[in-house]
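Chemist: pasting the sequence and the predicted coordinates here, then a few questions.
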Amino acid sequence: RQGKKNTGRNQVDTYYFDIEKCKRCPFREGCYKEGAKSKTYSVSLKSTEHSDQAEFQESEYFKEKSRERYKIEAKNSELKHRHGYDVATSSGLIGMELQGSMAIFTVNLKRILKLLG
């Protein structure tokens, strides 16, 4: 087993095989390469964080929210690329807050005008 436990990274179990047995194995096609000096097979062991995340991604809540995600991303993209929300034009929190408010106000105003027309 390679890798440390509880580091947020996956550990790996590596299995080593006897090459002489591999040469005579009836299932060697696609597994054993002629002239190889060693044969190993590695299996990744999921850390608890990865296991928890995989379990969460199978939940109904995650699937429901991921179906709505594209709408949010489209709006964020519009704010960033068309209305200058990707780069701060002034320094300080007040300036950034004002820039964000103006960009969001502009996008909302455009949407209202589109719905009215």
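Modeler: Sure thing, it's come through.
Chemist: hey, where'd the strands end up in this protein?
Modeler: In the chain, the strands defined using DSSP state E lie at 11-17, 39-45.
Chemist: does anything pack onto the last one? Which helices or strands?
Modeler: Strand 39-45 makes packing contacts with strand 11-17 when contacts are defined by 3 or more Cβ pairs under 8 Å, 6 or more residues apart in numbering; DSSP states H and E. C-betas here are computed from N, CA, C, even on glycine.
Chemist: thinking again about what came up before, can you redo the strands of the chain as CSV with mean pLDDT?
Modeler: Listed next are the strands of the chain as CSV, based on pLDDT from 0 to 100:
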stretch, mean pLDDT
strand 11-17, 85
strand 39-45, 81
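Chemist: out of the ones you listed, which gets nearest to residue 78?
Modeler: Among the strands of the chain, strand 39-45 comes nearest to residue 78, with 39.3 Å by Cβ to Cβ.
Chemist: domain-wise, how is the protein divided?
Modeler: The chain breaks down by the TED database into domains covering 11-45, 69-116.
Chemist: mind listing the helices for the chain?
Modeler: Ranges of helices within the chain are 19-24, 48-57, 60-82, 93-116, based on DSSP state H.
Chemist: got TSV for those helices, with distance to residue 34 and mean neighbour count too?
Modeler: Below are these laid out as TSV (distance: least, Cβ to Cβ, whole Å; neighbours: other Cβ atoms under 10 Å):
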stretch	distance to residue 34	mean neighbour count
helix 19-24	9	11
helix 48-57	36	11
helix 60-82	46	11
helix 93-116	63	12
